[in-house]
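Asker: Please work out how this folds:
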Amino acid sequence: MGSSVITARAAAGFEPQGRSVATARSFVRDTLQGWGFGDIVDDAVVLTSELVTNAVVHAGTAADVLCLRSDGGVRIEVSDRYPEREIPVQSSAVNMGSPDREGGRGLQLCAALAGRWGVEYTPTRKKVWFRLDLPERPVGTRTAGPSLPADLLPLADGRVRVAVVQIDRGGSIAAWNEDAEELFGYAAEQVTGKPLTDLAAWPHTPGTSTGIAEALQLSRWEGSYGIRGAHGRVIPVYASHLRVRDTGGEPSTVCLLVRDHERAVLQTPLRPTATTDAGGAPEGPSTDPFEVFIGSPAPDDLDGLLQRTVERARDMLDGDAAFLLLATDDETELEVRASTGLPSVRQRFARVPVDAGPGRYGSARMPAVHDDLTVLPGAVPLLSNTGMRSVVTVPLKVEGRLTGSLGVAAEAPGRYSNEEALRLQFAADRIALAVESARLGELERLRRGSLSFLVEASDLLAGTLDRDQTLALMAQMTVPTLATWCAVYTIADQASEPYLSYVLHEDEELIDGIKSLLSKIPPPDPVPTPGARVWNAPGVAAHQAALRTSMRSLSLGDSHHRIGTTIGPTLATASAVGGETVVLPLVARNRVIGMLTLGKPSDEHFRQEILELAEDLSRRAALALDNARLYSERTAISQSLQRSLLPPGLPHVEGVEVDVIYRAAGEGNEVGGDFYDLFPIRDGAYGFAIGDVCGTGPEAAAVTGLARHALRLLAREGFGGPAVLERLNSAILDEGARSRFLTLLYGELWPQEDGSAQLKVVCAGHPLPLRLRQDGTVEPAAEPQPLLGVMEDLELYEQTVTLDPGDVLLCVTDGVTERREGTRMLGDDGLADVLTTCTGLTAGAVAARIMRAVERFASDAPSDDMAILAMRVPGLHK
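Answerer: Numbering: from 1, shown residues only. Sure, this is the predicted structure:
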């Protein structure tokens, strides 16, 4: 360190492992912060990281790091044990390679960031050292720059407002100062506790992790993004983030935000290039700051690389705005991917043609300089109505193929010449390959993320056959991953108009306003053509409604423009749907069954990859929605048929309490075979039946309908129980292959004047009816006889039962007695035990207790239909 006096030293060794790089960074950061050298910590960490990486990752040897403190700065030495390298010749310049190369980049960073640096070789090791000097400044001065004339000072508003926003560990806003309220229109209590991502206009793309949430985790971050204000528009800001911790060790991030055109308030100044010392490289020509920044090192993600590029391009040419566009695969359009200094409408995913006009200056394929855009309006469509007068644009090309366009603009005319175009083209040539590589990497991540997204979406859509749930899933999968809001229109049949079935916005408070707006405009046309098409109607209607609302608030509204008695959509709703809106057809089985509408807020556009992903999703969603529709129709038919097989109601029987509980198993889409009936035969006589047809579905339903209606008809013709069942047996057998066997309990009931009831019953293969006496005894009330639908010549007989006052007759289907839990079954004995506890209960209470006991017998849902018919003769009142 020359004549400098060493006042402190710290050393550490690191094994040749990948995690050693991070450990070395932490060691240097902690050491310098402990020495109070916070001004140079970041540069020291960057340089140490590169040099240790060269040693432990690329060379595969251990590395030793030595930090030496002096009054004027710090010297850091990084030594490795791989000395067999070319020793630089002192008389010739060292070729440090390209910033895009892994090897040699550490030396280039030393040249760019260090005050002095050098390389020393011994037979056993190689040592690279660099010195970072503390800035020379008066006491209390952190950094200083030269005095400048007033006309060279950066522009700012009369009152510069610096928003201070503190973000807690979870990414939520913990503090919000008064300048933040003025800049963005939100009071502190409106945003405290909300995630910053709710306000930041930093798009999310499936499959990529780049975003403000990641930036908040970095120790320092500086750059541009947008904040969506209370008026709904995106306000471009320049931000400086610093990660801090409180005395309790809890981390948080302090964000300083200014308007983007006032970035000079926060922007870190460019660093001077380094000089070298003996043993290192001699002084050479100064390095372009833009080139150094891109290579020191370039961000790993595409968005970060593009944003840094436009910011450095603007600074390099002293412009007011800069923009970078990437070409589509067919090279016919350019998509805005990064910008600074332009209105938010120009920031993301807006598209312009590659060839905007005649001649070389009308094409993005060639460099172009425009001295005054007012002379040639529309020459650069991206800058229309932005106030920019002069612009220089250059192409990004890889192997002769156009991959993008980089431009810098200024508000004053005549700012740029061919010299600036050459500088910008040189920079564009240096970054074109890196940008294309990052773009392809992003596309690959997006492809993998899209596949994962579609697999998950398919699983979710396949997991339900409920129409309403399918609509909700469609919306929830698109918001906020693909769009800010969405609406689903459904079409019942070809003769029906599209119906607005579901609306969702990432802010639930705006859903009703969007739904109201969409209900007042004609729905999109149900065009079956695949792909997304732009739909301008919501944005136009929202703008007109907002204008009328504003005029009314100023008492200037025309009475002809009033919308009923309501105030109409709010300004927030108008802003929410003011961006790009697209419609994708939902086509299933060659028919348009609906439309999926996706929207962005004001000034925002969809990127093409998102629209392609949405198109894939719409195809899956359409099939799922149509399956849900078919299932719903089938369920409705089944339920209607099931209802038709059961009596519409029970008649009142004088002197006898009657109650029925019926539970269908499954999801209601299959017609069950259980049925019951109670009907008057003639004065004072009633017929009752409870039965179970084998199987489910249409064939079982046909036998059920035949049985119930045949019983009523034959009974009212005067046939007794055995005759009724014998004729029903013949009718079932006449069905041939469509026949199903049937178990049936049929009886006739006569209430008696003495308060009792006389019954005649026939039990054809059905679970036996149980009689509960007043003393709690339970006994079968009939004997088993052959079931119906199996044998032709049946000889059945009826049995007479008298129910005394207080007695109960319980009739059930086999779904009750065959209720199972593992190897256990409720059975007839179990049912009798439950019935014993029902003495003194009404018929309804008896049926309810039996059903409750059956349901509690097993934890699984019942697998068979269940019917319970309870009849009770009330006790005599004294």
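Asker: buried set for stretch 221-230?
Answerer: Across stretch 221-230, burial judged by 16 or more other CB atoms under 10 Å covers W221, E222, G223, S224, Y225, G226, I227, R228, A230. For every residue, glycine as well, the C-beta is placed using N, CA and C.
Asker: Tell me which residues are up against that stretch.
Answerer: With CB atoms under 8 Å, 6 or more residues apart in numbering as the test, stretch 221-230 has contacts from 183-186, 190, 199-202, 212, 215, 234-241, 257, 260, 263, 266-268, 304, 307-308, 311, 340, 344, 347, 601.
Asker: Now stretch 714-731: buried residues?
Answerer: Residues of stretch 714-731 classed as buried by neighbour count (16+ other CB under 10 Å): L714, A715, G721, P722, A723, V724, L725, E726, R727, L728, N729, A731.
Asker: Just send the buried residues of stretch 221-230 back as CSV, with secondary structure, pLDDT and distance to E792 too.
Answerer: Written out in CSV, the entries for those read as follows (DSSP: H, G, I helix; E, B strand; the rest coil; pLDDT from 0 to 100; distance: CB to CB, whole Å):
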residue, secondary structure, pLDDT, distance to E792
W221, strand, 79, 89
E222, strand, 80, 94
G223, strand, 77, 90
S224, strand, 77, 90
Y225, strand, 80, 85
G226, strand, 83, 85
I227, strand, 87, 86
R228, strand, 85, 81
A230, coil, 86, 84
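Asker: Which of those lies at the shortest distance from D512?
Answerer: Proximity of the buried residues of stretch 221-230 to D512, judged by CB to CB, is greatest for A230, which lies at 18.7 Å.
Asker: Distance of the closest one relative to A313?
Answerer: 32 Å (CB to CB, to the nearest Å).
Asker: Same question for A432.
Answerer: A432 is 13 Å from A313, by CB to CB.
Asker: same thing with V408?
Answerer: Distance from V408 to A313, by CB to CB: 5 Å.
Asker: who has more neighbours, those two?
Answerer: Neighbour totals were compared for V408 and A313, and V408 leads with 30 against 27 (other CB atoms under 10 Å).
Asker: what about the nearest residue to that one once chain neighbours are set aside, neighbour count?
Answerer: In space, and not counting its chain neighbours, V408 is closest to G319: 4.0 Å by CB to CB, 6 or more residues apart in numbering. When neighbours are defined as other CB under 10 Å, G319 has 25 of them.
Asker: same question, V808
Answerer: So V808, with other CB under 10 Å, has 25 neighbours.
Asker: So which of the buried residues of stretch 714-731 sit within helices?
Answerer: If you go by DSSP state H, those have L714, A715, G721, P722, A723, V724, L725, E726, R727, L728, N729, A731 in helices.
Asker: Return the closest of those with respect to I593.
Answerer: Comparing those against I593 with CB to CB places A731 closest, at 43.0 Å.
Asker: so the closest one makes contact with A710?
Answerer: Yes: at 5.8 Å, A731 counts as touching A710 under the criterion of CB atoms under 8 Å.
Asker: so the residue nearest to V408, which of the three states?
Answerer: coil (DSSP: H, G, I helix; E, B strand; the rest coil).
Asker: try the one 5 residues further on
Answerer: The assignment at L324 comes out as strand when based on three-state DSSP.
Asker: contacting residues around it?
Answerer: 306, 309-310, 313, 336-339, 396, 404-407.
Asker: chain center to the helix or strand harbouring L183, what's the gap?
Answerer: According to DSSP states H and E, L183 maps onto helix 178-184. Relative to the chain's own centre, helix 178-184 is displaced by 30 Å; criterion: CA atoms, centre = their mean, to the nearest Å.
Asker: Return the members of the contacts of stretch 221-230 classed as buried.
Answerer: Among the contacts of stretch 221-230, the ones that count as buried by 16+ other CB under 10 Å are 183-186, 199-202, 212, 215, 234-241, 257, 260, 263, 267, 304, 307-308, 311, 340, 344, 347, 601.
Asker: Mind checking which of those land in helices?
Answerer: L183, F184, I212, A215, G304, Q307, R308, E311.
Asker: By pLDDT, give me the weakest of the residues you listed.
Answerer: Lowest pLDDT among those: I212, with 74.
Asker: isn't that residue right next to L199, touching?
Answerer: No: counting by CB under 8 Å, I212 stays clear of L199, with 9.6 Å between them.
Asker: Distance check, D64 against R81.
Answerer: Distance from D64 to R81, by CB to CB: 9 Å.
Asker: ugh, typo on my part, it should be V65
Answerer: Taken as CB to CB, the span from V65 to R81 is 14 Å.
Asker: follow-up on the earlier one: I'd like to know which of the ones in helices among the buried ones among the contacts of stretch 221-230 is nearest to D833.
Answerer: So of these, ranked by how close each gets to D833 (CB to CB), first place is I212, at 66.7 Å.
Asker: Great, nothing more from me.
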